[in-house]
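In: curious how this folds, go ahead:
(one chain, ligands or ions: 1)
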Amino acid sequence: MPLFEDTRDERDFRLALKKFIAREMTPYREEWDKNRGVPREAWKKMGNQGFLCSWLPEEYGGSGVDFKYSVIVGQELIRGDAMGIGVPNHQDVAVPYIYSFGSEELKKKLLPGCASGDIIACLCVTEPNTGSDAAAIRTKAVRDGDYYILNGQKTFITNGTFADAMVVLCKVDSPGSTGKNISLLVVEGESLKNVKRRQLEKMGRHATDTTEIFFEDCKVPVGNLLGEEGAGFKYTMQKFNQERLEVCIKCQTYAEECFKEALEYAKVREAFGKPIGNFEHISFELAEMATDVEIGSTFLQTCVEEFVRGEEITKKVSMAKAWLAEMANRVAYKAVQIHGGYGYMAEYRICRLYQDVRVLPIFAGTTEIMKVIIARQLGLKPIF
Ligand SMILES: Cc1cc2nc3c(=O)[nH]c(=O)nc-3n(C[C@H](O)[C@H](O)[C@H](O)COP(=O)(O)OP(=O)(O)OC[C@H]3O[C@@H](n4cnc5c(N)ncnc54)[C@H](O)[C@@H]3O)c2cc1C
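Out: Residues are numbered from 1 along each chain as shown. Sure thing, here's the model as predicted:
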């Protein structure tokens, strides 16, 4: 069930990427999971083939294509069991901040490396004391001549262990300011010297590094400020739609893969002398899963098309993120159940898919926060 009909160019891109993933990534899944990380070489190979940040204009190392190419990358990484590489967080979450709000000098310095795989980027918003309430962050940068001195702590940061460029949401204290201006700084190069990192162990997605980050008197050049001082919160809210859309692609693709695994298994596994898919209950479960997946695909398709056309999608993408993340978990739960004991065994693909989907209603804004946004869009005032 394709999300959209590929054009000829999109089809060529998808086929080339599929082959690349089957050759360069799928065979290493177990090794990367065990090592809790993906080697830098894999990023560079992806960059060399033109699969990274292809939406960037050619002058910055991309091909100037639209968001549908990011959809293709998100889909094929999951289909090829290669989601361990944090490419969507790099190219569709962190890099767009540098592209949209960075100075020309910063863009020229960093973006070509982001497209070649020499630079891995991450977005640092969440802190130990606050996730959903991003305005309550405590990480602080104090202006000192041509530098900001950055101190604070971030947590749960995807790509944080290997990142060379960190887009950091922080409060900025400059002469004459209130000290509460939420701003975005890019920590990279020499500024990384005073960054400490601790990789976290997770329930699933073992190859993707998720990291606690400590900034200790990091000297960040003033040229690494994104946009204007005090506008960081506004920029983050603007970019959240794309981040959530990217997670919606994950939700839908995981749901499709779980359904596919369950359907195939139900046709071949026998109990009481017949395929388990012939039992009425299991056939009805599969019918419901197929319906969920089909509805998800239709709604997501609308969101992607409207986003590519540049339309405002805050309400729709919040609805999609809330519904698709829960739907993927519903489908994954049933798919494991249909596999019986095998569904609980790590060597079965469905077991790994199940572990991966649990985080979908949590990151990029929880299901509850999506409902708060939807309620606000309906003219209501959810109470805090
Ligand atoms: C694997 C993983 C990767 C991540 N990657 C990144 C990353 O790259 N960069 C980054 O910045 N962050 C990242 N995060 C953090 C993620 O975005 C946060 O965990 C998420 O936003 C929730 O914040 P929190 O964990 O602090 O939960 P809290 O905000 O403490 O929420 C706890 C619970 O309270 C609920 N809640 C909170 N406020 C309300 C409300 N107003 N109404 C109703 N319910 C409410 C929440 O929905 C949740 O159920 C990642 C998290 C994970 C698990």
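In: next, Thr211: phi, psi?
Out: Backbone torsions of Thr211, given as degrees, to the nearest 10, read phi -140, psi 150.
In: pairing partners for it in the sheet, please.
Out: Ile157, Gln199 (DSSP bridges).
In: contacts only, for it.
Out: Thr155, Phe156, Ile157, Thr158, Asn159, Gly160, Thr161, Arg197, Arg198, Gln199, Leu200 (C-beta atoms under 8 Å, 6 or more residues apart in numbering). Every C-beta, even on glycine, is put in place using the N, C-alpha and C of the backbone.
In: ditto for Ile295
Out: Residues touching Ile295, when contacts are defined by C-beta under 8 Å, 6+ apart, comprise Met327.
In: can I assume it sits in a strand?
Out: No: secondary structure assignment places Ile295 outside any strand; it is helix (DSSP: H, G, I helix; E, B strand; the rest coil).
In: ok, now how distant is it from Gly277?
Out: Using C-beta to C-beta, to the nearest Å, we find Ile295 at a distance of 21 Å from Gly277.
In: now the strands: where do they sit in the stretch 101-250 of the chain?
Out: Using DSSP state E, counting those that start in this stretch, the strands assigned to the stretch 101-250 of the chain run over residues 121-124, 140-144, 147-158, 165-173, 181-188, 195-199, 210-221, 225-226.
In: tabulate those (JSON lines), appending mean pLDDT and distance to the ligand.
Out: What follows is those, written out as JSON lines (pLDDT from 0 to 100; distance: least, C-beta to the nearest ligand atom, whole Å):
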{"stretch": "strand 121-124", "mean pLDDT": "98", "distance to the ligand": "5"}
{"stretch": "strand 140-144", "mean pLDDT": "97", "distance to the ligand": "16"}
{"stretch": "strand 147-158", "mean pLDDT": "98", "distance to the ligand": "4"}
{"stretch": "strand 165-173", "mean pLDDT": "97", "distance to the ligand": "8"}
{"stretch": "strand 181-188", "mean pLDDT": "97", "distance to the ligand": "12"}
{"stretch": "strand 195-199", "mean pLDDT": "98", "distance to the ligand": "12"}
{"stretch": "strand 210-221", "mean pLDDT": "98", "distance to the ligand": "5"}
{"stretch": "strand 225-226", "mean pLDDT": "98", "distance to the ligand": "15"}
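In: the closest residue to the ligand within the chain: neighbour count?
Out: Per C-beta to the nearest ligand atom, Gly131 is where the chain lies closest to the ligand, at 2.0 Å. The criterion is other C-beta atoms under 10 Å. On that basis, Gly131 has 18 neighbouring residues.
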